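S.K.: Any chance you can model this:
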Amino acid sequence: MKRMLAAAIPFALVPFLTFAAGSDDTAPPTPTATTTKCEEGLVFDEKTRKCVEPVEGRLDDDSLYQAVRELAYAGKYDGALKVLSAMSDPADDRVLTYLGFINRKMGNVERGLDYYDVALKLNPDNILARSYLGQALVEQGEIEMAQAQLDEITARGGVGTWAEKSLRQAIATGVTYTY
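M.R.: So this is what the prediction gives:
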């Protein structure tokens, strides 16, 4: 499995991005008005109690990151990409993790793997990127490589997290999560 590890990937593949910050929570997000009320690509603003364009600047990066997570988990990939475009740092490892996730789920598996690689190069402790990479490896039948990612997750303090549990289950069953 050959993949590019060039640091320029985030800029070459997604020149429109800007993003940063967010929660380190690895559990699947709880649906909010962003996915239950708002139209595609809009984000629910708790302050105004309205669905707003993510680029309007009213929302901070942490709020936008949570919206990206929720939209991605709900399978609303175009909306998640739109929200990612409103973020402030395109090279943030969490941005790259979700670009990897979204690309992989949209069928661009190699591009997704490239994003995971760059995210992990920037932050080897990103256990969510390791879990998603491991699940991609399970999908490709690369169980030993997926196990290596699980070993890294546990070695980096990820025991008991959703990232660890979901990858462990994927390795045991061969079934990965759709989110």
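S.K.: Would you mind listing where this protein has pLDDT under the threshold?
M.R.: Scanning the chain for pLDDT under 70 picks out the ranges 1-27, 56-57, 178-179.
S.K.: for it, what spans make up the strands?
M.R.: 43-45, 50-52 (DSSP state E).
S.K.: Show me what the last one is packed up against.
M.R.: Secondary-structure packing of strand 50-52 (3 or more CB pairs under 8 Å, 6 or more residues apart in numbering; DSSP states H and E): strand 43-45. In short, each C-beta sits where N, CA and C put it, glycine included.
S.K.: Name the surrounding residues that touch the strand it packs on.
M.R.: Contact with strand 43-45 is made by 32-34, 37-38, 50-54, 58-59, 63-64, 67, 83, as judged by CB atoms under 8 Å, 6 or more residues apart in numbering.
S.K.: same thing but 10 Å
M.R.: Residues external to strand 43-45 that are found in contact with it (CB atoms under 10 Å, 6 or more residues apart in numbering): 32-38, 50-56, 58-59, 63-64, 66-68, 70-71, 79, 82-83, 86.
S.K.: how close does the residue nearest in space to the middle of the chain get to D62?
M.R.: Closest to where the C-alpha atoms of the chain average out (CA atoms, centre = their mean) is Y98, at 2.4 Å. To D62, Y98 is 14 Å away according to CB to CB, to the nearest Å.
S.K.: Same question for G41.
M.R.: 19 Å.
S.K.: more neighbours, these two?
M.R.: Neighbour count, other CB atoms under 10 Å: between G41 and D62, G41 has more, with 20 against 12.
S.K.: Backbone dihedrals for that one, please?
M.R.: phi 90, psi -10 (degrees, to the nearest 10).
S.K.: quick one: contacts for it?
M.R.: 51, 53-55, 67, 71, 76, 78-83, 85-86.
S.K.: where exactly do the helices run in the protein?
M.R.: For the chain, the helices defined by DSSP state H occupy 9-13, 33-36, 61-73, 77-84, 93-105, 109-122, 127-139, 143-155, 162-173.
S.K.: And the longest one, what does it pack against?
M.R.: Read that as helix 109-122. helix 9-13, helix 93-105, helix 127-139, helix 143-155 (3 or more CB pairs under 10 Å, 6 or more residues apart in numbering; DSSP states H and E).
S.K.: Identify the residue nearest the residue sitting furthest away from the middle of the chain in space, chain neighbours excluded?
M.R.: Residue farthest from the centre of the chain, counting by CA atoms, centre = their mean, is T48 at 26.9 Å. Nearest residue to T48, sequence neighbours excluded (CB to CB, 6 or more residues apart in numbering): R58, at 7.2 Å.
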